[in-house]
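Novice: need a 3D model of the sequence below.
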Amino acid sequence: MAEPPSGAPAPRASRAGRDLVAAISVGLGLGVVILASLLFERHAFIGVLSLSTAFGTWELAGALRRGAGIAVPLPVLLVGGQAMVWLAWPFGLAGLAVSFAATALAVLLWRMRSGADHFVRDVTAGMFTATYVPLFCSFATLLVAAPDGMGRVLTFMICVVASDVGGYTAGVIAGRHPMAPTISPKKSWEGFGGSLVAGMVAGALCVTFLLHGQWWAGILTGALLVICATLGDLVESMIKRDIGIKDMGTLLPGHGGLMDRMDSLLPTAVIAWAVLILVVPA
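Specialist: As a prediction, the model looks like this:
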């Protein structure tokens with residue numbers, strides 16, 4: 001490994017391997033953008049989701065191409081992804097379902113132009129990309145479209161951030177027992193315990209004060225979101241190991257690509273929408 005130039009400060013890496021200054025700066029910047037969009041006019045958050053979907057789709061398509069030589073129909077996925085994000089606002093689940101089905105059909109038809117070789121592989125990768133990024137992201141649109149949408153989105157985001165912070169802190173301080181050593185060696189059961197405690201506390205506070213629900217509903221919400229966020233992180237680690245890459249991209253210093261930051265958020269948006277509909281009806 002090359003030595004840093006004389007007099008140049010070395011990056012501040014933590015025990016968990018992150019450049020903390022860059023990671024915290026980027027995390028705070030993303031938080032400001034999200035909070036500003038919600039406070040300005042909550043539907044402006046859909047614009048943030050739209051951009052995140054486009055960049056995330058582009059990153060995942062690039063990762064599949066670099067790591068596994070798989071070409072997904074990026075133009076179709078970009079257009080279809082925007083349709084899912086935006087049509088979920090006025091038309092709800094119906095708009096989301098129709099736009100996803102249309103995207104899936106377009107993936108099939110687009111890939112037919114290149115012949116039968118690797119047809120199933122490429123179409124499957126295209127369907128996976130359409131599901132993993134825009135479909136999952138569109139459930140955040142459903143969250144914000146509710147009358148109390150700002151509170152729902154904040155509950156979702158705060159619980160996931162609390163899970164990340166609690167897990168990271170507990171893992172660095174007390175992490176001894178690996179949770180999934182062959183998938184994510186730095187993730188520990190102690191870290192997961194920290195995530196669970198922080199997420200449940202955040203859930204109880206958010207549901208009680210932002211959504212005027214019951215405290216026990218907040219604890220349940222926080223626990224489910226932590227579990228899903230942890231599994232989402234492990235799923236992305238599996239994807240990266242399978243195709244042989246370290247990060248999805250380099251857009252965010254200290255985090256990797258945007259998808260490396262969205263890995264726990266995407267599937268958790270689905271669970272957040274579902275559980276909050278059940279425990280705190282709009």
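Novice: in the protein, which strand has the most residues?
Specialist: For the chain, the strand that runs over the most residues, judged by DSSP state E, is strand 184-188.
Novice: may I see the buried residues of the helix or strand that that strand is followed by?
Specialist: Moving toward the C-terminus from strand 184-188, the next helix or strand (DSSP states H and E) is helix 189-209. Buried positions in helix 189-209, judged by neighbour count with 16 or more other C-beta atoms under 10 Å: 189-208. From N, CA and C alone the C-beta is placed, and that goes for glycine too.
Novice: just the helices from the stretch 1-150 of the chain, written as ranges.
Specialist: Here the stretch 1-150 of the chain has its helices, by DSSP state H, counting those that start in this stretch, at 20-40, 44-68, 74-111, 119-130, 136-145, 149-174.
Novice: and these as a markdown table, adding mean neighbour count and mean pLDDT?
Specialist: Shown next, in a markdown table, are the helices of the stretch 1-150 of the chain (neighbours: other C-beta atoms under 10 Å; pLDDT from 0 to 100):
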| stretch | mean neighbour count | mean pLDDT |
| --- | --- | --- |
| helix 20-40 | 14 | 77 |
| helix 44-68 | 20 | 94 |
| helix 74-111 | 18 | 97 |
| helix 119-130 | 18 | 96 |
| helix 136-145 | 25 | 97 |
| helix 149-174 | 22 | 94 |
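Novice: of all those helices, which one is nearest Arg241?
Specialist: Nearest to Arg241, of all those, is helix 44-68, at 9.8 Å by C-beta to C-beta.
Novice: so how far is that closest one off the chain centroid?
Specialist: Computed by C-alpha atoms, centre = their mean, to the nearest Å, the chain-centroid distance of helix 44-68 equals 11 Å.
Novice: cool, stretch 93-113 as well?
Specialist: That offset, for stretch 93-113, works out to 22 Å (C-alpha atoms, centre = their mean).
Novice: C-alpha coordinates for that stretch, PDB please?
Specialist: C-alpha atoms of stretch 93-113 as PDB (Å, rounded to 0.1, in the frame of the first residue of the first chain):
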ATOM      1  CA  LEU A  93     -50.800   1.300  -5.100                       C
ATOM      2  CA  ALA A  94     -52.700   1.100  -8.400                       C
ATOM      3  CA  GLY A  95     -50.400   3.600 -10.100                       C
ATOM      4  CA  LEU A  96     -47.400   1.800  -8.700                       C
ATOM      5  CA  ALA A  97     -48.600  -1.700  -9.800                       C
ATOM      6  CA  VAL A  98     -49.400  -0.600 -13.400                       C
ATOM      7  CA  SER A  99     -46.200   1.300 -13.900                       C
ATOM      8  CA  PHE A 100     -44.100  -1.600 -12.500                       C
ATOM      9  CA  ALA A 101     -46.000  -4.100 -14.800                       C
ATOM     10  CA  ALA A 102     -45.400  -1.800 -17.800                       C
ATOM     11  CA  THR A 103     -41.700  -1.600 -16.900                       C
ATOM     12  CA  ALA A 104     -41.400  -5.400 -16.600                       C
ATOM     13  CA  LEU A 105     -43.100  -5.800 -20.100                       C
ATOM     14  CA  ALA A 106     -40.800  -3.200 -21.600                       C
ATOM     15  CA  VAL A 107     -37.700  -5.000 -20.200                       C
ATOM     16  CA  LEU A 108     -38.800  -8.200 -21.900                       C
ATOM     17  CA  LEU A 109     -39.500  -6.400 -25.200                       C
ATOM     18  CA  TRP A 110     -36.300  -4.300 -25.100                       C
ATOM     19  CA  ARG A 111     -34.000  -7.300 -24.500                       C
ATOM     20  CA  MET A 112     -35.600  -9.300 -27.400                       C
ATOM     21  CA  ARG A 113     -33.600  -7.100 -29.800                       C
END
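Novice: how about residues contacting that stretch?
Specialist: Around stretch 93-113, the neighbours that count as contacts under C-beta atoms under 8 Å, 6 or more residues apart in numbering are 72-73, 75-77, 79-81, 83-84, 87-89, 91, 119, 122-123, 126-127, 130-131, 134-135, 138-139, 141-142.
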